[in-house]
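In: My questions are about this predicted structure, shown below with the sequence.
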Amino acid sequence: MSQPGATNPSEGREDILPFEVRQAFWGYVIRGTAGPPILVQVAQGLVLSLGAACAAAALAVAALTPDDAGGLSLMRLGASAVLMAFALLFLRYASRGGVVELHVDLARGELREVVRHRVGRASTLGAHGFDPSASLHIRRDGAGGGHRTLILHHRGSRDGLCIAQGPEHALQTLRRRLEHDIRLHAGARPIPVLA
């Protein structure tokens, strides 16, 4: 079930939230509704072109006419391998997603930071165990406009994990749900808190 927007009864219109909560059989996913920043998209497009050029160059170097000995020279084989390695590296970066989503896994008692790739695969950036001493705070953003940021702090650490950004009323609802789940499912599977 998705909750991409909330209705404001006083104004009679729907406010589109900058995040959504999607249910899963193991818990739920908190995901931003905005796509990756435009600079990330441009950079990934340029890197995709560079990766394709490196792959084409690697194939062209390997397909050159054989030398006098009748086979590929060691120098051309090495150059082709290096170009193909760069092509794979560039293409991997270009296919990577640009938006981090948070998986709240109630069965395992953890919160995972995940980047979903354009091809559907996901990479876990970090996993945080549910800690009963964790605290959730809503911080005001520097710019006006009424948007806030929900931050999770582990054991009084200064650095926090950004959970979501949006209007305060929506963050209060998400905060209550997370606090309840963390307290209820803490210790389901004790894993170290990764910072």
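Out: It's in.
In: Mind listing what's buried along the helix or strand hosting Ala53?
Out: Ala53 is part of helix 38-62 when elements are defined by DSSP states H and E. Buried residues in helix 38-62, counted by 16 or more other CB atoms under 10 Å: 44, 47, 50-51, 54-55, 57-58, 61. All C-beta spots, glycine's among them, are computed from the backbone N, C-alpha and C.
In: end-to-end on stretch 105-125?
Out: For stretch 105-125, the first and last residues are 15 Å from each other (CA to CA, to the nearest Å).
In: Kindly report the same for stretch 33-42.
Out: End-to-end distance (CA to CA), stretch 33-42: 19 Å.
In: now that stretch: mean pLDDT?
Out: Average pLDDT, stretch 33-42: 82.
In: The chain - how does it break down into domains?
Out: 5-35+99-185, 39-95 (automatic domain parsing).
In: Show me the strands in this structure, by range?
Out: Here the chain has its strands, by DSSP state E, at 5-8, 13-16, 19-24, 27-32, 100-105, 110-116, 122-129, 135-140, 147-153, 161-167.
In: Please render those as JSON lines that adds distance to Phe90 and mean neighbour count to the earlier fields.
Out: As requested, the strands of the chain are arranged in JSON lines below (distance: least, CB to CB, whole Å; neighbours: other CB atoms under 10 Å):
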{"stretch": "strand 5-8", "distance to Phe90": "38", "mean neighbour count": "13"}
{"stretch": "strand 13-16", "distance to Phe90": "35", "mean neighbour count": "11"}
{"stretch": "strand 19-24", "distance to Phe90": "31", "mean neighbour count": "16"}
{"stretch": "strand 27-32", "distance to Phe90": "26", "mean neighbour count": "19"}
{"stretch": "strand 100-105", "distance to Phe90": "21", "mean neighbour count": "20"}
{"stretch": "strand 110-116", "distance to Phe90": "17", "mean neighbour count": "19"}
{"stretch": "strand 122-129", "distance to Phe90": "17", "mean neighbour count": "14"}
{"stretch": "strand 135-140", "distance to Phe90": "37", "mean neighbour count": "14"}
{"stretch": "strand 147-153", "distance to Phe90": "33", "mean neighbour count": "18"}
{"stretch": "strand 161-167", "distance to Phe90": "29", "mean neighbour count": "19"}
